[in-house]
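Here is my input; please provide its structure:
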Amino acid sequence: MSRHHDPDQFFIWTHNFAKGRHACSYYRIEVPLSLMAKRGEALIYEDTGDGRPDSAIALMYSDIMHQYSLAGETTLHRHRSIQRRHAAEHNGQIMYPPAIIYDSDDNTDFVHPFNTTFAKLGTRGYPDARLLEPGDVLQYDNHEGQPVDLWIDQESSHDGVLFDIGRNLHEMKIRHTIIREAHGATASTRALASYYSDVIGQKNTYVFPNTIVPEHFEHYDVVRKDDKIRILWQGGNSHYVDWYPLREALKTICEKYKDKITFVIYGDKYEWIHNSIPDSMIEHHPWSLYEAYKLKRGLLNADINLCPLVDNVFNRCKSAIKWYEASVWTKPEATLAQKTEPYHEIEDNVTGLLFSNDTEFVQKLSLLIEDADLRKRLGEAAKKWVLKNRIPERTIPGLLEFYKDTRARQKRDLGGSLIKPATMDDLRKLEMHTR
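Now for the predicted structure:
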């Protein structure tokens, strides 16, 4: 980045403190901004949190300050200090403070208690989603139906972070203020954008869907040890609530196809699974580092991709990224997804299959297991849809236009408040006045 960059080139400043470490960083920062830079559409500066002295200079010259899911009073104060700045004349050019864009791909107001980030973000109970009060205890019924304490205010912790309901409620209010006072907000789904607008009050929103870069996903057709149908489920501990309700349906499937299928579990493997799926039918792969995720995912060679997702406020704001990723391989997978908001893009029996209850889950998974032609037809149609609608060529131009429109609106609003930088004479007069 040059502090004398071309004033006609659009300039975006972003933070990326966890570059390459998780899917959020990849889909919300690296994919859109790196490709804008590669195409010469924008100049990008990434603040990686290592204290580089030119970061503040880059921010001063930027058009957009892209903020991925940042919160806290320090962030709020920084944003307000930027928004208090006026347009100013510098070397014959009018300089404007950057327009602030808040971005996220999750509704962190409704983090599920099974998610470990609940320690620092949790503000609501489950399943009623009521706001918690200081002193509350959250429980859940384990696989034996016994109540177990999950989070105890001021006692439970994760990775050194104490679960503090009062603090979390305060931080939620700060986060709402940051989102509401930004010049605009982007989200991965229409549900999250609506939440920003209708609940938080940020009216300038744009849906930028998580975007697939096909060349980043390599498929390797490894030699299989048998001819069993491979059924994939992937997810972490936060998906317990989505996976557990299917335990009886899974038993039915296992009894029906015990010599024909293998369940490939990538991520967390729950205790109750042993009571529903025999160990002999499970191939378990623990989570890998995200740097290796796309390669690892391609090596799993799944035939069927399962996307159970219970209908709750948090899940309604999630994206269909698991469906996108399942569809881009050389041999695309057929997806069976729960009929919920994130999967509204799937056309049932055209680009995938949708289920609403246990009975439909068993019926439709049985169809996929028994019919190779159906799997092929659904997988190929899904791949065609994703490569038409969720690749950079289709999604990034709209995002860049949103940035430019927001920037232009901000400049118009600041147009009447142009100030000129103080000269040395001005500073000397000020010095004399203050003695």
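
center of this protein - which residue?
Centroid-nearest residue in the chain, with C-alpha atoms, centre = their mean: residue 105, separated by 3.3 Å.

any idea how far residue 125 is from it?
24 Å (C-beta to C-beta, to the nearest Å). (C-beta placed from N, C-alpha, C; glycine too.)

quick one, helices of the stretch 251-400 of the chain?
Per DSSP state H, counting those that start in this stretch, the stretch 251-400 of the chain carries helices over the ranges 273-276, 293-299, 313-316, 321-327, 358-370, 372-389, 392-414.

from these, which stretch is densest packed?
Compared across the helices of the stretch 251-400 of the chain, helix 321-327 shows the largest average neighbour count, a mean of 24 (mean count of other C-beta atoms under 10 Å).

Tell me how far that one lies from the chain's centre.
Helix 321-327 has its average C-alpha position 14 Å from the chain's average C-alpha position, going by C-alpha atoms, centre = their mean, to the nearest Å.

And stretch 36-52, by the same measure?
For stretch 36-52, the distance to the chain centre is 20 Å (C-alpha atoms, centre = their mean).

Kindly state the domain boundaries assigned to this structure.
11-106+171-210+392-434, 111-164, 214-389 (automatic domain parsing).

now the ones you listed in CSV, with mean pLDDT?
Below are those laid out as CSV (pLDDT from 0 to 100):
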stretch, mean pLDDT
domain 11-106+171-210+392-434, 88
domain 111-164, 90
domain 214-389, 92
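
How much space separates the residue lying closest to residue 139 once chain neighbours are set aside from residue 129?
Sequence neighbours aside, residue 147 is the residue nearest to residue 139 in space, at 4.7 Å (criterion: C-beta to C-beta, 6 or more residues apart in numbering). Distance from residue 147 to residue 129, counting by C-beta to C-beta: 19 Å.

Comparing those two, which residue is more hemmed in?
residue 129 (13 against 9; other C-beta atoms under 10 Å).

these two touch, right, the more buried one and residue 316?
No. Residue 129 sits out of contact with residue 316 when judged by C-beta atoms under 8 Å, with a separation of 11.4 Å.

in the stretch 51-200 of the chain, which spans are strands?
For the stretch 51-200 of the chain, strands defined by DSSP state E, counting those that start in this stretch occupy the ranges 64-68, 88-90, 93-95, 99-104, 137-141, 147-152, 157-158, 161-162, 184-187.

quick one, which of the ones you listed is nearest to residue 283?
strand 137-141 (27.8 Å; C-beta to C-beta).

For that closest one, name the packing helices and strands.
strand 147-152 (3 or more C-beta pairs under 8 Å, 6 or more residues apart in numbering; DSSP states H and E).

just the angle between the strand it packs on and strand 137-141, please?
Orientation of strand 147-152 against strand 137-141 (axes from the mean of the first three to the mean of the last three C-alpha atoms, to 10 degrees) gives an angle of 140 degrees.

How about residue 14: what's its closest non-neighbour residue?
residue 66 (4.0 Å).

Look up how far residue 298 lies from that neighbour.
30 Å.

now swap in residue 33 and tell me
Residue 33 is 25 Å from residue 298, by C-beta to C-beta.

next one: residue 354
Taking C-beta to C-beta, one finds residue 354 at 25 Å from residue 298.

mind listing what's buried in stretch 151-167?
Counting neighbours by 16 or more other C-beta atoms under 10 Å, one finds that the buried residues in stretch 151-167 are 151, 153, 156, 163-165.

Likewise for stretch 106-122?
106-115, 118-122.

ok, the residues you listed vs residue 97, which is closest?
Minimum distance to residue 97 across the buried residues of stretch 106-122 is 26.6 Å, recorded for residue 108 (C-beta to C-beta).

In contact with the closest one, which residues?
Residues near residue 108 by C-beta atoms under 8 Å, 6 or more residues apart in numbering: 69, 117, 121, 175.

let's see 7 Å
When contacts are counted by C-beta atoms under 7 Å, 6 or more residues apart in numbering, residue 108 touches residue 121.

next one: residue 304
With C-beta under 7 Å, 6+ apart, residue 304 has these contacts: 229, 231-232, 333-334, 336, 368, 375.

quick one: which of these is most hemmed in?
residue 333 (28 neighbours).
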